[in-house]
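> 3D, please:
(one chain, ligands or ions: 1)
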Amino acid sequence: MADSTPRLRVGMVGYAFMGAAHSHAWRTAHRFFELPLTPELTAIAGRNPAGVADAALRMGWHSTETDWHRLVERDDIDLIDICTPGDTHREIAIAALRAGKHVLCEKPLANSVAEAEEMATVAREAAEQGTFAMCGFTYRRVPAIALAKRFVEEGRIGQIRHVRAQYLQDWLSDENAPLTWRMDKSKAGSGALGDIGAHIIDLAQWVTGSDIVGLSAITKTFVTERPVGGDKVGLGGTGASDGEKGPVTVDDAAAFTARFSDGAIGVFEATRFALGRKNAIRLEVNGSKGSIAFDFEDMNVLEFFDGTDDAEAQGFRRIIVTEPVHPYVGNWWPAGHGLGYEHGFTHQVVDLVRDLAAGAQPRPSFDDALQVQRVLAAVEESAEASSAWQPIEKEEGR
Ligand code: SOE
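Sure, this is the predicted structure:
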């Protein structure tokens, strides 16, 4: 029988790593979750005609464009999904919103606070007309992280005192790993800071429900030149190089201490040089009543310490977050079977589609992402000023 659910016709820009993850989510969400709108993979855009045609075939898109402007102009598209490097986000997002298309934009929102402010302003105006923008901080939708937030909201952690957040990768540890766009400030805005530090900033603020109000930071570029010739898509590139080297213009690692609006203190670290750590997003929160700890390398588990338990029975418990009562999990497999990296993207589509159908602002909004951008900028400013304390302006739009 034909599916009579109205369609959400999606146009995606970019088809590398994030494009593949988003395509999977658009294809999958309505097959596991009941959605008020069925996503349709209407068109995909990329500059290389052969590359985009191949991507469309592999990822299930119905048509292609070689210029994103065409995608934005098409009247058979309801939402533009931006999966390109940060230097293109502002222009595409603003054009799409002004054309009356909803937007999902990869993180970090932009390459500077000024760009992010402009995007947030246009998004606020568009929201008044019922056109919405969302930023893709997908890890919010990992069930164990969503459960951590639920525990905070239920008061199980009490008054939060400490936030410890790390995002550890190691794919640049090898000094001969080739140069890619992620090491080019003009394309990526910053290095480990914006690429992965942005995720832990967003997670820490979202889980605790409290904003970073000031910080002191250091950044470091360990390897200042790398072989050119890497591909432009994945993380490590092809490695094909004739010995020529080019400059790395971003940070390899960033670390900072922070104060939160609710009085908690935080310690943050983002690096691509933590040899042996592949995608270790670690978040630990200690409060007056309990603690929670998460590590993405064991992503189906949330550790929880309940300080109200009898002293003799106290200890961190390891909650396997695969029960139907846990966030998002009931729509997938029987308990204990586990979810993976891609499910966060699928849950992002689920929440986005439900909000759009309800005429509600999906979160994280561009205002939420602008606040993260202010923290990123403060880290860079502090690092440049010998770690001087940087206060962070409160984001009024949130
Ligand atoms: C590369 O460091 C990267 O792909 C990030 O860009 C993603 O946001 C993160 O989820 C995984 O690592």
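
> Look up the residues forming beta bridges with residue 271.
Following DSSP bridges, residue 271 is listed with bridge partners residue 168, residue 253.

> wait, doesn't it sit right on residue 191?
No. Using C-beta atoms under 8 Å, residue 271 is not in contact with residue 191, being 9.5 Å away. For the C-beta atoms, the positions are set from N, CA and C on the backbone; glycine is no exception.

> Give me the common contacts of these two.
Common contact partners of residue 271 and residue 191 (C-beta atoms under 8 Å, 6 or more residues apart in numbering): 252-254.

> most surrounded residue in the residues you listed?
residue 254 (27 neighbours; other C-beta atoms under 10 Å).

> what sits against the closest residue to that residue other than its chain neighbours?
Once flanking residues are discounted, residue 254 sits nearest to residue 193: 4.1 Å by C-beta to C-beta, 6 or more residues apart in numbering. With contact set as C-beta under 8 Å, 6+ apart, residue 193 has these partners: 219, 250-251, 254, 270, 376, 379-380.

> Helix, strand, or coil at residue 193?
helix (DSSP: H, G, I helix; E, B strand; the rest coil).

> separation between it and the ligand?
11 Å (C-beta to the nearest ligand atom, to the nearest Å).

> confidence score at that residue?
Turning to residue 193, the model gives it a pLDDT of 98.

> any idea how far it lies from residue 395?
19 Å (C-beta to C-beta, to the nearest Å).

> Kindly report the same for residue 211.
Between residue 211 and residue 395 the computed distance is 7 Å (C-beta to C-beta).

> For those two, indicate the residue with more neighbours.
Each of residue 211 and residue 395 has its neighbours counted (other C-beta under 10 Å); residue 211 has more, 21 against 17.

> which residue sits closest to the more buried one, ignoring its sequence neighbours?
residue 261 (4.7 Å).

> what does the stretch 251-398 of the chain put close to the ligand?
Counting by C-beta under 6 Å from any ligand atom, the stretch 251-398 of the chain comes close to the ligand at residue 279.

> which ones are touching the residue in the stretch 251-398 of the chain that the ligand sits nearest to?
Nearest to the ligand in the stretch 251-398 of the chain, going by C-beta to the nearest ligand atom, is residue 279, at a distance of 5.9 Å. Neighbour list for residue 279: 169, 296-297, 341 [criterion: C-beta under 8 Å, 6+ apart].

> ChimeraX command for the buried members of those?
The following ChimeraX line selects those of the contacts of residue 279 that are buried, judged by 16 or more other C-beta atoms under 10 Å:
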select :169,296
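
> Which single residue of the chain approaches the ligand most closely?
For the chain, C-beta to the nearest ligand atom, closest residue to the ligand: residue 195, 4.7 Å.

> And the most centrally placed residue in the chain, its phi and psi?
In the chain, the residue lying closest to the centroid (C-alpha atoms, centre = their mean) is residue 137, at 2.6 Å. With angles defined as degrees, to the nearest 10, residue 137 sits at phi -80, psi 80.

> Also residue 191?
According to degrees, to the nearest 10, residue 191 has phi -100, psi -120.

> hey, where'd the strands end up in the stretch 201-350 of the chain?
With DSSP state E, counting those that start in this stretch, the ranges of strands along the stretch 201-350 of the chain come out as 212-220, 225-227, 245-247, 253-260, 265-271, 280-287, 290-295, 301-306, 317-320.

> Can I get the ones you listed in TSV including mean pLDDT and distance to residue 82?
Formatted as TSV, the strands of the stretch 201-350 of the chain follow (pLDDT from 0 to 100; distance: least, C-beta to C-beta, whole Å):
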stretch	mean pLDDT	distance to residue 82
strand 212-220	98	25
strand 225-227	96	27
strand 245-247	96	26
strand 253-260	98	24
strand 265-271	99	22
strand 280-287	99	22
strand 290-295	98	28
strand 301-306	98	31
strand 317-320	98	35
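
> Ok, which of those strands comes nearest residue 124?
For the strands of the stretch 201-350 of the chain, the distance to residue 124 is smallest for strand 212-220, at 22.0 Å, taking C-beta to C-beta.

> The closest one packs against which elements?
helix 198-208, strand 253-260, helix 366-384, strand 390-391 (3 or more C-beta pairs under 8 Å, 6 or more residues apart in numbering; DSSP states H and E).

> My guess is the residue nearest to the centre of the chain contacts residue 369. True?
Yes. Between residue 137 and residue 369 there is a contact at 7.3 Å, judged by C-beta under 8 Å.
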